[in-house]
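below are the sequence and a predicted model; questions follow.
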Amino acid sequence: MNSRKSPKGCGSHNAELKTIAILNNKNPPAQPWEEVVPGLIEKTADGLRAPRRTSLRLYFRPLCQSAVVVETRLTTAGDESFLCIIGSYDFSLGGSMSPGAKITLDRWPIAATGKCRLPAGEHLVRCSRLDGVVSLALDGQVVLETQDPRANESIPDLEYFLPDTVTIHEAIVKGKSAALKGIPLNNSKSYNLYMCIDFFDDLISAPWTERTLREVLEIYNRHNIRRIYFIDHGGFKSGFWDHYDATEFPIEKHGRETFQNLGDILPAVVAAGHKAGLEVYALYKPQECGFAVTYPYGSEKARQFGKAPRLDGMMWWVMDFVAKHPEMRLERDMRPIPPDLEKRIIGKIVLVSEEGLTIPFDPRRIRLWVSADNGGYVPYAGPMEIKVAGKGKIILERLAIKEKFMALTVAGEPTRAFGNTLRKLVEIYDQEGRKLPISYADATQLRNLPIEKAGFTYDYPSDTTGEMDNYFWLDSGKPLAIAKGWERYLCGVMCEAYPEVRHWWMENIEYYIKTGVDGVDIRDLVHTRTFDWDVFGFNKPLAAAFKAKHGVDILNQPFQREDLRRLRGEYYTEFLRQARQRLTAAGKKMHLHISPRMKSPDWHTELDLYQDWEGWLREGLADEITMKMNWFTGEVAAKSFEAARALGLPINYCPYMNDLFKHPNAKALVNYIARQALDTGSDGFIFYENAALMAAKKDGRMEITQSWMLDILKQYAGK
């Protein structure tokens, strides 16, 4: 990752590329470029500039690209962020809180450094995805270069994100055509407008009554909304609604009152929706089984509400099935944990920064906090000596930390002087010099409270997907919490190899059939996260099945992670087949979600399992597909259109739009997203979600809060 001159032979590779597009003040944004906010980018005497942050997108049509190189000559007024997205690859440079430079693939960091800045002045930035190598260069120096984990992936698009302090003098995009067709441009005149209800969010404002439900459906009919997708968790008595911490939102109270008013909400919505002439689908997330929120062990709340164990306390927001079978969650191999870990006293903390960082860091700024139960943290008051062991290594030694939990903060303003990838940043040793297994947290459970009053959510990163490979500035102003031990189970993802798990999923399918829904839409995306997906998947049934299939004991022998992802995917596909068969027999439809990280299992995938959506479609497991993605970008989007159109399957576009009303260019952005559905010929547009448009009142009324957004969506909706 050290800066160096551009590699020899680069010119020969470029000779194979063809210029696709040029952007400058003589060639302002026009086809094939798309402004997300039309007309915002202005021509200046020497380039292009926007008065506020915006973005530009370029679709490669008629074919995707197998290689893309983007060279951008720009001027920045300061250390502002530059972001260029090439398909699924994000190239970021500069910015006050960034590492300096980073490349991610499907949001997973594949290269990062803190040694690079984007200072004020004119620069040449080169983003390249070419010949199995991904690289980022600044002013002729390669600052990041790494092997491409998905070298065969096709690139259907790219996007610039432009701060208002950046002027683009010229951008040149070069590429090499792939075989895959690009994302289509069909210019439809209308789509079917649908609504998604995530009822948890709807309960924030008030409980629902018969009047509330009636007024919701009247609003839908006035705006040509013809179908409801209702996110359901198996009914009011499934355990999902049992208890919530009411510190911020009275969800539990409003849920209970709604149940008293209407009974189970899904059957009520189905009956009223059908009466109003609307279709109603249950939106089912099989792996949304629990959330990483806990009460400290030994507390009264843990005793009263705790359901399943985690490293940092008792989980209270889990389904009853998980509470009865917590061991069926996806499991880590815990054998390396020493049996006396709880008794070991921490004697030394070693902090290692990336080599080559030049800004001085004063180790006396480090503050150490401890907690016995993760309920709140206090300053460490025991012995400590701070030693600088060469450049970039700080040792906190002669410690006597008996507590299981601790946190590191740095006093003063953020300086971005001491950082590294998290996997290399911290080492913990006991008083006898033995290295200890540890887990991380980077956010408190109640994020509006200081660490003195709230515990941390361990093994649940607040930011990206592959957090152990992400860059962390110790002096960013953000705390880093550390616990002795490992998280044994993922908070809400079950192991598909247990027959009991798949049987429980099918019980939920039976419940949906009984409610009278028109069908079930199955979504892969859930809220479970972890700092390191690669260490989970060692449940006994999986280990036994893997050995039977491959002759390898994953608990004691090296194995291919790809094969484990495939094996888990086979169990999940078995569930989908059972669900399809049962729904078809009951006269119900089945829809399947497709999301950007549902890719081949040779690298990281969604939930770290192989979701063979192309095989599912060929097998006839879906009547329609839901494209769950913010934009039509990346290879999965291009492949989805090609596969669905070949099979005659309707495509429904479902972007996240919860907080768009807060965006400074909200109306233009919503219009652009709606136009994307038309431009690609999507059959349906699913608005996610209802609570972003309207709110229940305590007297039972439903009040539209964003009427302008409904009006934009309605103008493109079919009658």
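Received, thanks. Keep in mind the model is a prediction, meaning the values are calculated, not measured.

return the residues in contact with Pro650.
Residues near Pro650 by CB atoms under 8 Å, 6 or more residues apart in numbering: 623-625, 644, 683-684. Placement of C-beta: from N, CA and C, glycine included.

and if we set it to 6 Å?
624, 683 (CB atoms under 6 Å, 6 or more residues apart in numbering).

start the count at 363, not 1, going forward
Sounds good: first residue 363 from here, last item Pro1012.

what does it show for phi and psi?
Note on Pro1012: backbone dihedrals following degrees, to the nearest 10 are phi -60, psi 150.

then the one 10 residues further on?
According to degrees, to the nearest 10, the main-chain angles of Leu1022 amount to phi -60, psi -30.

how far off centre is the longest strand along the chain?
Looking across the chain with DSSP state E, the single longest strand is strand 528-543. Centroid separation between strand 528-543 and its chain, computed with CA atoms, centre = their mean, to the nearest Å, is 26 Å.

buried residues in that strand?
528-540, 542-543 (16 or more other CB atoms under 10 Å).

can I see the domain layout of this structure?
For the chain, the structural domains run 366-543, 703-847, going by automatic domain parsing.

those domains: lowest mean pLDDT?
Note on these: domain 366-543 shows the lowest mean pLDDT, a mean of 88.

for the domains of the chain, give me a markdown table that also has distance to Asn1033.
Listed next are the domains of the chain as a markdown table, based on distance: least, CB to CB, whole Å:
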| stretch | distance to Asn1033 |
| --- | --- |
| domain 366-543 | 9 |
| domain 703-847 | 30 |
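
now, which of the buried residues of strand 528-543 sits nearest Thr571?
Lys543 (49.7 Å; CB to CB).

which residues of the stretch 613-762 of the chain fall in strands?
641-646, 656-657, 670-672, 675-677, 691-693, 708-714, 728-733, 740-741, 747-750, 755-759 (DSSP state E, counting those that start in this stretch).

by contact count, what packs against the second one?
With contacts taken as 3 or more CB pairs under 6 Å, 6 or more residues apart in numbering; DSSP states H and E, strand 656-657 sits against strand 675-677.

and the fifth one, by the same measure?
Using 3+ CB pairs under 6 Å, 6+ apart as the contact criterion, the neighbours of strand 691-693 among helices and strands are strand 851-856.

quickly run through the sheet partners of the strand it packs on, with directions.
Using DSSP bridges, the strands paired with strand 851-856 are strand 691-693 (antiparallel).

what sits up against the partner strand?
With contacts defined as CB under 6 Å, 6+ apart, strand 691-693 is touched by 851-852, 855-857, 898, 900-901.

ok, the closest residue to Leu887 other than its chain neighbours - contacts?
With sequence-adjacent residues excluded and distances taken as CB to CB, 6 or more residues apart in numbering, Leu887 is closest to Ser957, at 5.4 Å. The contact partners of Ser957, taken as CB under 6 Å, 6+ apart, are 886-887, 968, 990.

how about a markdown table for the residues you listed, with distance to Glu704 and neighbour count added?
Below are these laid out as a markdown table (distance: CB to CB, whole Å; neighbours: other CB atoms under 10 Å):
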| residue | distance to Glu704 | neighbour count |
| --- | --- | --- |
| Asp886 | 37 | 21 |
| Leu887 | 36 | 17 |
| Glu968 | 35 | 21 |
| Lys990 | 42 | 21 |
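
and of these, the nearest to Gly718?
Closest approach to Gly718 among the contacts of Ser957 (CB to CB): Glu968, at 34.9 Å.

can you list phi and psi of the closest one for me?
Dihedral angles for Glu968 - degrees, to the nearest 10 - are phi -60, psi 130.

my guess is Ala843 contacts Ala769. True?
Yes. The criterion here is CB atoms under 6 Å, and Ala843 meets it with Ala769 at 4.3 Å.

quick one: common contacting residues for the two?
Listed as contacting both Ala843 and Ala769 by CB under 6 Å, 6+ apart is no residue at all.

picking up where we left off before, could you point out which of the strands of the stretch 613-762 of the chain sits nearest Glu924?
strand 691-693 (16.9 Å).

relative to the whole chain's centre, how far out is the closest one?
Distance of strand 691-693 from its chain centroid, counting by CA atoms, centre = their mean, is 20 Å.
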